[in-house]
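Visitor: sequence first, then the predicted structure, then my questions.
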Amino acid sequence: MTESESVIYRVVPKCACSTIGQILYYSDHGRFFEGDIHDSKEGLHKWAQEVSQEPISRNVLGQRTYAFTCVRNPYTRVLSSFFDKICGIQRNGKRYRGNLVPRLVYDYGIEVGGEDGQQEFDQIKSFRRFLLFVRDTIRFRRPMEPDIHWSAASGHVSTFIVNGGRYNKIIWTEAFNDGMQGVLDAIETPHPVDLAAIPRFNESEGHGPKRAHPVEDYFDDLSMHLIYEIYKRDFDLFKYDFENPANKMPIGEIDLDEVHAKLGD
């Protein structure tokens, strides 16, 4: 939430969250945060900061403050997680979550592009094996709990509703400018934001190897079955096209009443 309490944003990992965080920071302070916005300790209210919990709770439960979130096509989101978190070296210079990648290499036969993530490897074969791991974590919670970067977006979105919040808008990463402009038009900010002039803060860019194939090449029949098993609610609620992995764009309008009804249990 902005310190001015102009807007509340429910973060969903791998859905333009770095850019959105910087826009909110800028809207209050007239400048961007130096560095990764996820590292900021001032300038934004965050639930992880104890001092922020009271104002966030007050605004969420009061439902007086405009609230939004951002979602993304499950096919491209899980692919992005693979290349960034599994194949990539993180900004601390290490592999994500310590022994996670060596364990995947050993248990699932995944290749990750060598020590630096930049060597050639069979991206399609490794990604499909990663999908088996994702399914195991989400369905069986083995060999670990699901990670926030590949657990379903609907799960992230639902916690806000279950805890007493209500969304005014859910925007798509794929139509980001239109959606974010709608948010900015609905709120009053201490500093005006010109979306056309805002850079994209893709903090995961360059962590891992470049995707070598079109999105649809990574998903055969089995992969699509696994994706639907894991992300069925994301496809249904956020109106993405399960039948065609090549189509990243939504195929309908999000029904906020449906989202609140189905994710509020």
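Guide: Yep, that arrived. Numbers count the residues shown, from 1 in each chain.
Visitor: now do the contacts for His191.
Guide: 26-30 (Cβ atoms under 8 Å, 6 or more residues apart in numbering). Placement of C-beta: from N, CA and C, glycine included.
Visitor: just the buried ones from those residues?
Guide: 26-29 (16 or more other Cβ atoms under 10 Å).
Visitor: before we move on, back to that, which of the contacts of His191 fall within helices?
Guide: Those of the contacts of His191 mapping onto helices are 26-29, per DSSP state H.
Visitor: hey, which helix or strand in this structure has the poorest pLDDT?
Guide: Of all helical and strand segments in the chain, the minimum by mean pLDDT, DSSP states H and E falls on helix 100-108, at a mean of 92.
Visitor: just the buried positions in that helix, please.
Guide: Across helix 100-108, burial judged by 16+ other Cβ under 10 Å covers 100-101, 104, 108.
Visitor: look up how far Phe133 lies from the residue of the chain most remote from its centre.
Guide: The centre of the chain is farthest from one residue, Tyr106, which by Cα atoms, centre = their mean lies 27.3 Å away. Computed with Cβ to Cβ, to the nearest Å, the distance linking Tyr106 and Phe133 is 12 Å.
Visitor: any idea which helix or strand comes after the strand ranked longest in the chain?
Guide: Counting residues, the longest strand in the chain under DSSP state E turns out to be strand 66-71. Downstream of strand 66-71, the first helix or strand assigned by DSSP states H and E is helix 74-81.
Visitor: from the chain's centroid, how far away is that following helix?
Guide: Relative to the centre of its chain, helix 74-81 is centred 9 Å away, using Cα atoms, centre = their mean, to the nearest Å.
Visitor: counting contacts, what elements does it pack onto?
Guide: Under the contact criterion of 3 or more Cβ pairs under 8 Å, 6 or more residues apart in numbering; DSSP states H and E, helix 74-81 touches helix 123-135, helix 221-238.
Visitor: relative to Ala152, which of the ones you listed is closest?
Guide: In terms of Cβ to Cβ, the element of these nearest to Ala152 is helix 221-238, at 5.4 Å.
Visitor: quick one: mean pLDDT for that closest one?
Guide: Average pLDDT, helix 221-238: 97.
Visitor: following it, which helix or strand comes up?
Guide: Heading C-terminal from helix 221-238 (DSSP H and E), you reach helix 256-263.
Visitor: can you list contacts of stretch 23-36?
Guide: Residues outside stretch 23-36 that contact it (Cβ under 8 Å, 6+ apart) are 2-4, 6-7, 9, 18, 21-22, 37, 40, 43-44, 91, 180, 184, 189-191, 193, 195, 198, 201, 203.
Visitor: these in helices, which ones?
Guide: 18, 21-22, 180, 184.
Visitor: mind putting these in a markdown table, pLDDT included?
Guide: Output for the ones in helices among the contacts of stretch 23-36, formatted as a markdown table (pLDDT from 0 to 100):
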| residue | pLDDT |
| --- | --- |
| Ser18 | 92 |
| Gly21 | 96 |
| Gln22 | 96 |
| Met180 | 97 |
| Leu184 | 97 |
